[in-house]
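Participant: okay, sequence plus prediction incoming.
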Amino acid sequence: MRGKRVLTGKYFMMGNMACAEGAVAAGCEFAAGYPITPATEIANRLAERLPQVGGVFLQMEDEISSMAAIIGASWTGKKVMTATSGPGISLMLENIGFAVGVETPCVIVNVQRGAPTTGMPTAGVCGDMVQPKRGSHGDYEIIALCPASPQEMFAHTIMAFNLAEKYRTPVFILADAFVGHMREEVIIPEPEDIPLINRRIPETGTEPQAIKGFLDEEVAPMPIFGRGFKSHVTSSCHDEYGKRNLSDLAALDNFVCRLSNKILKHKKDIIMVERDYEGAEVVLVSYGAVSRAARTAALRAREEGLPVGTLRLITPWPFPQEEIEEMARKVRRVVVLENNLGQLYPFIKAEAARHSEVFFLPPRIIGEIHDPESILKKIKEVC
Amino acid sequence: MREIIHPLHRFIRPGVLATTNCPGCGNGIAAQAILRAIDELGLNLDDFIFVTGIGCSAWIPSPFFNVDVLHTTHGRPIAFALGIKMGLPQKKVVVTSGDGDLAAIGGNHLIHNARRNVEMVVICLNNGIYGMTGGQAAPTTPLGLKTATTPYGTFENPFDISGLVMAAGASFVARWTTYHPRQLTASIKKAIQKKGFSFIEVITQCPVQFGRKTGSGSAVEMLKEYKGRSISVKEAAKLTEEEIRGRIVVGELRDKDVPEMLSEINKIKERVLKEKA
């Protein structure tokens, strides 16, 4: 008998544990990683849980090979993931670009920590917000989710697997040490209440030469290995059949644009925001752990009669530009709250500043979540 | 007139018309040895997954062999291959790559998977130079050789890659040159059947880059040189280290049974599932 994939019940659980449980519930069969604070609990939990459901966790020699191994396993049809923190992502970036280029479903969890380089491993700082989008070389699109609670670490991990499978692409969970190490109530639903998506695969027996396995803006079926598809998978510029083309610039244009359009054309389906700014004049824009402080501050402001609302970005990537513009049209002031020096601020400002005045509020000190009182003070300043 | 078709033609991907290799390149000899080994074992290409890195030797199966191929990033093919083997343990996973890819940028994955003794075949085409980028020094370039990045001669000791892989714990290691296609084919056959990490180093000629740098000239001259310098493992064992300096020790350097990682994982999985039941 195999162990249960979905541990239905009500728990007091750490965010990183909830992430691992979300992965197992989503059908993850293979994970590879390298120990790193503050993400290690995910690896520890997967190493215990995956063999119970017939899967495997491998501790690799580094993060480069962790990313490589999960891509390899994904090409055999498995649902796969890795979990790390900023320094690990820095090492994975080349292979993350590879996964984008050959359209490989996989989930990458970044439990972000403080500062560039080694920094402060136990401090929660959303310092890698643009890295998923711009970290690997070349133009590409990525999907990222930003959980704000252990419950969302569970739910977003499942969503990440579903989006990865649906769009054949790497999907990031951009957590941080706050959310990863936070312990809160986590409710794991019944398996039948967890909707799962599996990638499309060409029908067995399809003539290999006829398989268009790449570069479809509506997502090509994945010609996974071991089924007689004789797939030629190269991250070099290739056509819809996977055939390499290193001389024709039209082929390059096709390669770059179609990969990006595959995500951009489906923004409406992918992008998630939480809106609460009906009738507001000032809107607090935030994501992740900081959105909890923003929410508290907005409620207090309203108690004082100030017309304050919130917009929370659940998916920072693809960037929700229309959602931000739509909000900015309706309000006078926008205050961007980030637990960093303003990483998404320029992107938000680019959309919002045409319609409203945009301000940025960092935390009092980097690594400390905004105190709702300080947010309230800023609101009064800009009102 | 009857059309003459090469007996290995059925292994070539339809629609692929020409090789990307330079004239005289040793890749063709290695490619034939691999396909002959598969043919002689009575296996089908559908029994295999090929994985390659970056460099000339990555182009041996990609796109030429009519098989599932993952052409990966520079230095990482073994790490990708490990993931593939985890997902498809019943398939034969073969990596072909060069000395720069496997021993320089990818050295860590080479030694760790040799240590894990994961069942896979790694064929290292060692031409002692970075061919594709135009003749830069590799970790295998002989001391003192002038290359594009060492215009005054190299000042580093070259790697003994087979020795490295043996020390790391692989179960099968062989070294041949492109002068020894039959022996190479026989070793590839053994490697494919070996339950463990099998490493085959193929000393191969790059007449265009290496040949020009050393002045050793044409492919034929280089093969002749391999013939002259090669010495069997048995003969080499009788000589001192000093006496075999500059020689190429060829043969099966290691063939032993070492616990294989996937088998060990399966034992653990069975135990865990039993405990859960």
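Facilitator: Yes, it's here.

Participant: where does A:Phe172 sit: helix, strand or coil?
Facilitator: Assigned by DSSP: H, G, I helix; E, B strand; the rest coil, the conformation of A:Phe172 is strand.

Participant: skipping adjacent residues, who's closest to it in space?
Facilitator: A:Ala144 (3.9 Å; CB to CB, 6 or more residues apart in numbering or on different chains). Backbone N, C-alpha and C define where each C-beta goes, glycine included.

Participant: I figured that neighbour hits A:Leu313, correct?
Facilitator: No - counting by CB atoms under 8 Å, A:Ala144 does not reach A:Leu313; the two are 9.7 Å apart.

Participant: on that earlier part again, can you get me a residue count around the residue nearest to A:Phe172?
Facilitator: 27 (other CB atoms under 10 Å in any protein chain shown).

Participant: who's it bridged to?
Facilitator: A:Phe172, A:Trp317 (DSSP bridges).

Participant: give me the phi and psi angles of the closest residue to A:Pro38 other than its chain neighbours.
Facilitator: Excluding its sequence neighbours, the residue lying closest to A:Pro38 (CB to CB, 6+ apart) is A:Ala177, at 4.1 Å. Reported as degrees, to the nearest 10, the phi and psi values for A:Ala177 are phi -60, psi -30.

Participant: residues near residue 166, how many?
Facilitator: Chain wasn't specified; assuming chain A. Using other CB under 10 Å, the number of residues around A:Lys166 comes to 19.

Participant: nope, chain B please
Facilitator: Neighbour tally, B:Met166, other CB under 10 Å: 18.

Participant: OK, contacts around it?
Facilitator: By CB atoms under 8 Å, 6 or more residues apart in numbering or on different chains, the residues touching B:Met166 are B:173, B:253-254.

Participant: from chain A, how far off is it?
Facilitator: As judged by CB to the nearest CB, to the nearest Å, B:Met166 and chain A stand 18 Å apart.

Participant: okay, and that residue sits in which element?
Facilitator: Taking DSSP states H and E as the definition, one finds B:Met166 inside helix B:161-168.

Participant: check what pLDDT B:Thr19 gets.
Facilitator: Note on B:Thr19: pLDDT of 87.

Participant: ah, wrong one, I meant A:Arg2
Facilitator: Looking at A:Arg2, its pLDDT is 63.

Participant: ranges for the helices of the chain?
Facilitator: Picking chain A for this. A:15-26, A:40-52, A:63-74, A:86-101, A:131-134, A:150-167, A:177-181, A:249-264, A:267-270, A:290-303, A:321-330, A:345-352, A:372-382 (DSSP state H).

Participant: actually it's chain B I care about, not the one you picked
Facilitator: For chain B, helices defined by DSSP H occupy the ranges B:27-40, B:77-87, B:99, B:107-116, B:161-168, B:181-193, B:212-214, B:219-229, B:233-237, B:261-276.

Participant: mean pLDDT lowest where, among those helices?
Facilitator: Among the helices of chain B, helix B:212-214 carries the lowest mean pLDDT (a mean of 82).

Participant: just to revisit the earlier point, make a markdown table out of the helices of chain A and add mean pLDDT.
Facilitator: Converted to a markdown table, the helices of chain A look like this (pLDDT from 0 to 100):
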| stretch | mean pLDDT |
| --- | --- |
| helix A:15-26 | 98 |
| helix A:40-52 | 97 |
| helix A:63-74 | 98 |
| helix A:86-101 | 98 |
| helix A:131-134 | 97 |
| helix A:150-167 | 98 |
| helix A:177-181 | 97 |
| helix A:249-264 | 98 |
| helix A:267-270 | 98 |
| helix A:290-303 | 97 |
| helix A:321-330 | 98 |
| helix A:345-352 | 98 |
| helix A:372-382 | 94 |
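
Participant: buried deepest among these, which one?
Facilitator: Most buried of the helices of chain A, by mean neighbour count (mean count of other CB atoms under 10 Å in any protein chain shown): helix A:63-74, with a mean of 31.

Participant: ok so, going back, so who does the residue nearest to A:Pro38 touch?
Facilitator: With CB under 8 Å, 6+ apart, A:Ala177 has these contacts: A:38, A:111-114, A:121-125.

Participant: between these, which has the most around it?
Facilitator: Most surrounded of the contacts of A:Ala177: other CB under 10 Å gives A:Val111, at 31 neighbours.

Participant: please name the bridge partners of that residue.
Facilitator: A:Ala175.

Participant: mind checking how far A:Pro38 is from chain B?
Facilitator: 25 Å.

Participant: could you do A:Thr104 as well?
Facilitator: For A:Thr104, the distance to chain B - CB to the nearest CB - is 10 Å.

Participant: what's the neighbour count on A:Arg183?
Facilitator: So A:Arg183, with other CB under 10 Å, has 13 neighbours.

Participant: how about residue 231, nearest residue that isn't a chain neighbour?
Facilitator: I'll assume chain A. A:Pro223 (4.2 Å).

Participant: ah, no, chain B please
Facilitator: Nearest one to B:Ile231, counting by CB to CB, 6+ apart, is B:Arg247 at 4.6 Å.

Participant: would you list the phi and psi of the one you found?
Facilitator: Dihedral angles (degrees, to the nearest 10) for B:Arg247: phi -90, psi 160.

Participant: so for it, what's the pLDDT?
Facilitator: 96.

Participant: that one against B:Val233, yeah?
Facilitator: No - shown here, B:Arg247 and B:Val233 do not form a contact pair, counting by CB under 8 Å, at 11.3 Å.

Participant: and the contacts of A:Ala177, which is closest to A:His156?
Facilitator: Nearest to A:His156 out of the contacts of A:Ala177 is A:Val111 (CB to CB; 12.5 Å).

Participant: was I right about that closest one contacting A:Phe178?
Facilitator: No - if you go by CB under 8 Å, A:Val111 and A:Phe178 don't touch, sitting 9.5 Å apart.

Participant: chain A contacts on chain B?
Facilitator: Taking CB under 8 Å from any CB of the partner chain as the criterion, chain B approaches chain A at residues B:13-15, B:45-46, B:49, B:51, B:62-63, B:66-73, B:76, B:79-88, B:91, B:108-109, B:112, B:265, B:268-269, B:272-273, B:276-277.

Participant: in PyMOL, how would I select the buried members of these?
Facilitator: Of these, the buried ones can be selected in PyMOL as follows, counting by 16 or more other CB atoms under 10 Å in any protein chain shown:
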select buried, chain B and resi 13+45+49+51+62+63+66+67+68+69+70+71+72+73+76+79+80+81+82+83+84+85+86+87+88+91+108+109+112+265+269+272+273
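
Participant: can you pull the contacts of residue 49?
Facilitator: All of this refers to chain A. A:3, A:20-21, A:24.

Participant: ah, no, chain B please
Facilitator: Per CB under 8 Å, 6+ apart, neighbours of B:Ile49: A:225-226, B:67-70, B:81, B:84, B:88, B:91-94.
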